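>>> Sharing a model that was predicted from the sequence below.
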Amino acid sequence: MQVPILKWNELSEAVKNRLLSRAETEVTDALESVKSILQNVREKGDIALREYTLKFDGVDLGNLPLRVQGEEYAHARRVLPLEVQEALDLVIENVTNFHRKQVPPELSFTEVLPGVYAGERASPIPSVGLYVPKGKGSFPSMLYMLSIPAVLARVPAIRIVTPPNPDGSVDPACLYAAERIGVREVYRIGGAQGIAALAYGTESIPPVSKILGPGSPYVAAAKRLVSSLVDIGMPAGPSEAMILADRTADPRLLALDLLIEAEHGSDSAAFLVTPDPILAERVAGLLTQRVATIPEPRRTFITDVFNHYGGIILTETMDEALSVVNAFAPEHLQLQVEHPFDLLGQLHHAGEILLGSRTPFSVANYATGANAVLPTGGYARTYSPVSVRDFLKYTSVVQVTPRGFALLQKPVQVLAEYEGFPSHAQAVIERTATGEYNSHV
């Protein structure tokens, strides 16, 4: 495998646009076939879910209920290695500690003028569906990153869908994490059909108000198609990462960190951006060597990434490198430069920014506490990482006292008359005329 070194200022606009769009074409191509899946689930419910699980996952669920049963959680505790349980315990605590600080007061007020109180009430959304992917591996990390903020937000109904193992079971690490966090509604369904079940509901799976979680282009397409019916929150498609590096970076670590991202799947994107041509050549050579040592199927994933949505981007200057990163708006961004904090203010669009060589993507993906479910596909320009706020809604709460009314009645009357709303104006005029609201108390 040869890793391409792409000189940014020599690329055509068409090539630049293809790199910046990553796997968006695959999502668009999936829309038509996903429509029939959604319609079939909407009409046939559980039967369609079982049929698609057999067709796409190769799993015959037989008489297994779609919802994971109580004894399966106990079995997961028995079979999951103790070191995995201990690792999950630690990272779940870290993620909980980080997100607990995001929980707002239930009710808060600001006195914007004497006697005028404007506030917000935070309350949980009624139900949420969390999609935990499995197609290229098991992802208990996605489960706890999504579930913990939902639990802290006090969402009453949290439903998890995830593809089953070949025997119909659900990954034991996912079940261990779900039970540890306090979520006991897990369904052995994945893919576009899982999104359809959450959006429309079936005999076994009640519909939800919001769906969150990353997935394949088919999952991303399904979420897009149900977005008029259910809130799909932050767009989260195939994973992607960029590393911005200068001459001080260790090429061995750069190669390792690019492989972290590329091994996610063939639809991922992984780029090194640097103005240093010597560094670029050394990293390209190391990547070629290391890929040969990686077992399948990850080796194929990595090769596909560097053939389609990855490589080394060589720029003329660091300023040009910064502009490339901002244009890409990556999900994950790592800075392996001499002074990372000096560049932080010039980086405007990224789901997360990891500072320094001791903050590889793998540490952030699992264990720092910050959420690793991040906007993809360029949506880091306008979206944020998953947080407690994604599971809350806010209601404005306002109170005006007589003193406050006396301060507001004239400007309200003037603006209402200017905009042509006589009833708006009359509502304050007649209150003023009674004298009841003229008090300065």
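That came in fine, so what should we check first?

>>> what helix or strand does residue 242 sit in?
For residue 242, the element it lies in under DSSP states H and E is strand 240-245.

>>> Just want the angle from the following helix or strand past that strand to strand 240-245.
Per DSSP H and E, the first helix or strand lying C-terminal to strand 240-245 is helix 251-262. Helix 251-262 and strand 240-245 are oriented at 170 degrees to each other (axes from the mean of the first three to the mean of the last three CA atoms, to 10 degrees).

>>> Show me where the stretch 251-400 of the chain has its helices.
251-262, 277-291, 298-308, 318-328, 340-344, 361-366 (DSSP state H, counting those that start in this stretch).

>>> Report the buried residues of the second one.
In terms of neighbour count (16 or more other CB atoms under 10 Å), helix 277-291 has its buried residues at 279, 280, 282, 283, 284, 286, 287, 290, 291. (C-beta placed from N, C-alpha, C; glycine too.)

>>> C-alpha coordinates for it, CSV please?
The C-alpha trace of helix 277-291 is given here as CSV (Å, rounded to 0.1, in the frame of the first residue of the first chain):
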residue,chain,number,x,y,z
PRO,A,277,7.8,17.6,3.1
ILE,A,278,10.5,15.5,5.0
LEU,A,279,8.0,14.6,7.7
ALA,A,280,5.4,13.7,5.1
GLU,A,281,7.7,11.3,3.3
ARG,A,282,8.8,9.6,6.6
VAL,A,283,5.2,9.1,7.8
ALA,A,284,4.2,7.7,4.4
GLY,A,285,7.0,5.2,4.5
LEU,A,286,6.2,4.2,8.1
LEU,A,287,2.5,3.7,7.3
THR,A,288,3.3,1.4,4.4
GLN,A,289,5.5,-0.7,6.7
ARG,A,290,3.0,-0.9,9.5
VAL,A,291,-0.1,-1.7,7.4
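
>>> Quick check: neighbours of the strand holding residue 242 in the sheet, parallel or antiparallel?
Sheet pairing of strand 240-245 (DSSP bridges) gives strand 269-274 (parallel), strand 332-336 (parallel).

>>> Touching it from outside, list them.
Contact with strand 240-245 is made by 22, 254, 257-258, 260-261, 268-274, 276, 279, 309, 321-322, 325, 328, 330-337, 343, 347, 350, 361, 376-377, as judged by CB atoms under 8 Å, 6 or more residues apart in numbering.

>>> Check stretch 295-305 too.
1, 136, 259, 261-266, 268-270, 291-292, 294.

>>> can you do 7 Å?
Contacts to stretch 295-305, defined as CB atoms under 7 Å, 6 or more residues apart in numbering, come from residues 1, 136, 259, 262-266, 268-270, 291, 294.

>>> Repeat that for stretch 164-174.
53, 57-59, 61, 64, 68, 72, 76, 79-80, 84, 88, 132, 134, 138, 140, 143, 162, 186, 188.

>>> go on, stretch 326-344?
20, 239-246, 248-249, 253-254, 257, 261, 322, 325, 347-357, 359, 361, 374-376, 378, 380-381.

>>> For residue 73, the count of nearby residues, please.
Neighbours of residue 73 under the rule other CB atoms under 10 Å: 18.

>>> Using the three-state scheme, assign it.
In three-state terms, and counting by DSSP: H, G, I helix; E, B strand; the rest coil, residue 73 is helix.

>>> That one and residue 179 touch, don't they?
Yes. Taking contacts as CB atoms under 7 Å, residue 73 lies within contact range of residue 179: 4.8 Å.

>>> distance between stretch 272-287 and the chain's centre?
Remark: stretch 272-287 is offset 30 Å from the chain centroid, using CA atoms, centre = their mean, to the nearest Å.

>>> scratch that, stretch 315-329
In this view, stretch 315-329 has its centroid 24 Å away from the chain centroid, taken as CA atoms, centre = their mean.

>>> just stretch 308-319 next, same as before
That offset, for stretch 308-319, works out to 25 Å (CA atoms, centre = their mean).

>>> isn't there a strand covering residue 134?
No. Read with three-state DSSP, residue 134 is coil and lies in no strand.

>>> Can you tell me the closest non-neighbouring residue to it?
Leaving aside its chain neighbours, residue 134 sits nearest to residue 163 (4.1 Å; criterion: CB to CB, 6 or more residues apart in numbering).

>>> Got a quick ChimeraX command for the buried subset of the contacts of stretch 326-344?
In ChimeraX, this line selects whichever of the contacts of stretch 326-344 come out buried by 16+ other CB under 10 Å:
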select :239,240,241,242,243,244,245,246,249,253,254,257,261,322,325,347,349,350,351,352,353,354,357,359,361,374,375,376,378,380
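
>>> Can you tell me the SS state at residue 122?
strand.

>>> Oh, that last question was meant for residue 27, not what I typed.
Assigned by three-state DSSP, the conformation of residue 27 is helix.

>>> Any chance of the helices of the stretch 251-400 of the chain in JSON lines with distance to residue 417 as columns?
Below are the helices of the stretch 251-400 of the chain laid out as JSON lines (distance: least, CB to CB, whole Å):
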{"stretch": "helix 251-262", "distance to residue 417": "59"}
{"stretch": "helix 277-291", "distance to residue 417": "66"}
{"stretch": "helix 298-308", "distance to residue 417": "61"}
{"stretch": "helix 318-328", "distance to residue 417": "46"}
{"stretch": "helix 340-344", "distance to residue 417": "49"}
{"stretch": "helix 361-366", "distance to residue 417": "56"}
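
>>> who wins for proximity to residue 230 among these?
helix 361-366 (27.1 Å; CB to CB).

>>> Can you give me the buried ones in the closest one?
Going by 16+ other CB under 10 Å, helix 361-366 has these buried residues: 361, 364, 365, 366.

>>> looking only at pLDDT, what's the mean for it?
Across helix 361-366, the average pLDDT comes to 95.

>>> same for it, what does it pack against?
If you count contacts as 3 or more CB pairs under 7 Å, 6 or more residues apart in numbering; DSSP states H and E, helix 361-366 packs onto helix 251-262, strand 352-355.

>>> Looking at the contacts of stretch 295-305, spot the one nearest residue 204.
Using CB to CB, the contacts of stretch 295-305 come closest to residue 204 at residue 136, 26.2 Å.
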